[in-house]
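Asks: following is a predicted model, sequence given first.
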Amino acid sequence: MDARGATFFAVPACPVTGEKLPLIVMSHGRRGWFGGHHDTAAALADAGFVVAALNHPGDTMRDTSRTDSLSVLVERPTDMSRLIDYMLDGWSDTSRIDPQRIGLYGFSFGGYTGLVVIGGDPDLRKGLPNCETSSLRACKQLESGELPDQPTTHDKRVKAAVIIDPYPVFVFPEENLKAIAVPVQLWSSDPAQNADGLSGCCAAAINQRLPIKPDYHFVDNARHFSFLATCTPKDAREAPAVCTDAPDFDLTQMSSRSFASISPKAPSRNAALGPAPRRSKSRTSRCRARGRASREPLRYRYRTPRLSACARRRPSRHCPLKAD
């Protein structure tokens with residue numbers, strides 16, 4: 001159970017079986033947290049992937065000190081590279097990962113993050129179209145003459161990406177995406193639900209600008225936050241705008257479509273990751289026995305089969321992610 005009251009059903013230190021397993025790293029959205037897509041992570045783990053997620057320092061639900069800032073736009077992609085470094089060099093089961101089969105899953109600001117990781121170059125300068133009227137803190141910094149203190153980084157180890165409702169996208173003119181050469185699966189919420197100012201705003205533009213046509217999915221009646229894991233009752237009371245879906249939205253149908261398209265039986269769109277290995281049914285049933293993590297052990301590693309959710313409660317800005 002984490003500080004929000006969300007319960008994870010998992011077994012601490014559950015054994016990881018299999019060899020040359022594909023790795024998926026996950027990037028949460030603005031003011032999100034590493035567990036915001038735990039249902040997707042668990043489904044991928046059950047399909048035979050290793051999945052790792054982290055909190056982006058300064059841009060989480062607990063720490064919003066740098067949300068929307070220029071430093072966050074620059075450092076988010078670096079966070080993902082450091083997570084990959086940890087999984088390949090520091091994780092206890094690193095020998096089971098195939099370093100040639102690494103993918104990224106990013107939602108909202110995590111979608112922006114993913115586009116940078118796979119080769120997109122955000123246009124971060126004064127006078128950027130749409131930035132003058134934007135409420136983003138980064139835009140105010142750019143308009144005042146501030147520049148990034150370091151370049152954004154790409155990571156060629158990532159061979160495929162699932163990008164969900166990316167934001168912001170006005171920093172990506174078409175020419176700044178031309179270096180993206182890996183398979184991309186792109187998901188969009190419905191602009192008919194745009195009363196929140198986010199739904200359906202951005203993925204369609206990226207769909208038109210990517211140099212290689214992505215595997216594009218438009219979800220009828222989905223709101224921007226419909227892609228998050230199901231809210232707890234506490235979340236629903238405290239954040240109804242985030243937790244309330246449109247009346248005609250079918251979460252089950254969307255989830256099954258998403259998981260089917262990224263499962264080991266999926267067609268060649270995710271060929272860069274290759275098929276996931278077969279999993280042991282008996283091992284899976286044993287490992288998914290219910291176990292509840294207390295609030296304090298959030299800083300430790302917990303695994304469902306082939307799922308590694310590694311996070312520190314307050315990760316250091318300059319310190320690699322680690323599991324105690």
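Replies: Yes, it's here. Numbering: from 1, shown residues only.
Asks: Ile212 should be in a helix, yeah?
Replies: No - assigned with DSSP: H, G, I helix; E, B strand; the rest coil, Ile212 falls outside any helix and is coil.
Asks: thought it was touching Ala179?
Replies: No - the pair Ile212 and Ala179 does not pass the contact test of Cβ atoms under 8 Å, sitting 11.0 Å apart. C-beta coordinates here come from the backbone N, C-alpha and C atoms, glycine included.
Asks: can you map out the strands along the protein?
Replies: 11-12, 21-27, 50-53, 97-107, 158-164, 184-188, 215-218, 302-303 (DSSP state E).
Asks: what's the third one packed up against?
Replies: This points to strand 50-53. strand 21-27, helix 38-46, helix 70-89 (3 or more Cβ pairs under 8 Å, 6 or more residues apart in numbering; DSSP states H and E).
Asks: got the CA coordinates for that strand in PDB?
Replies: C-alpha atoms of strand 50-53 as PDB (Å, rounded to 0.1, in the frame of the first residue of the first chain):
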ATOM      1  CA  VAL A  50      10.500  -7.100 -17.300                       C
ATOM      2  CA  VAL A  51       8.900  -3.700 -16.400                       C
ATOM      3  CA  ALA A  52      10.600  -0.900 -14.500                       C
ATOM      4  CA  ALA A  53       9.200   2.500 -13.400                       C
END
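Asks: give me the low-pLDDT residue ranges for the stretch 1-150 of the chain?
Replies: For the stretch 1-150 of the chain, applying pLDDT under 70 flags the ranges 1-9.
Asks: not counting stretch 76-92 itself, show me its contacts.
Replies: By Cβ atoms under 8 Å, 6 or more residues apart in numbering, the residues outside stretch 76-92 that reach it are 23, 25, 27, 50, 52, 54, 56-57, 59, 94, 97, 99, 102, 104, 109-110, 112-114, 116-117, 152-155, 157-158, 308, 310, 320-323.
Asks: again, but for stretch 214-221
Replies: With contacts defined as Cβ under 8 Å, 6+ apart, stretch 214-221 is touched by 163, 183-190, 192-193, 203-204, 206-207, 226, 245-250, 254, 257-258, 261, 269.
Asks: and Leu128, what is it in contact with?
Replies: Applying Cβ under 8 Å, 6+ apart to Leu128 gives the contacts 139, 142, 170-171.
Asks: need the pLDDT of the closest residue to Gly103 other than its chain neighbours.
Replies: Excluding the flanking residues, the one nearest Gly103 by Cβ to Cβ, 6 or more residues apart in numbering is Ala160, at 4.4 Å. Per-residue confidence (pLDDT) for Ala160: 96.
Asks: can you get me a residue count around Ala160?
Replies: 24 (other Cβ atoms under 10 Å).
Asks: related to what we said a few turns ago, buried subset of the contacts of stretch 214-221?
Replies: The neighbour count (16 or more other Cβ atoms under 10 Å) marks 163, 183-190, 193, 203, 206-207, 226, 245-246, 249-250, 254, 258, 261 as buried among the contacts of stretch 214-221.
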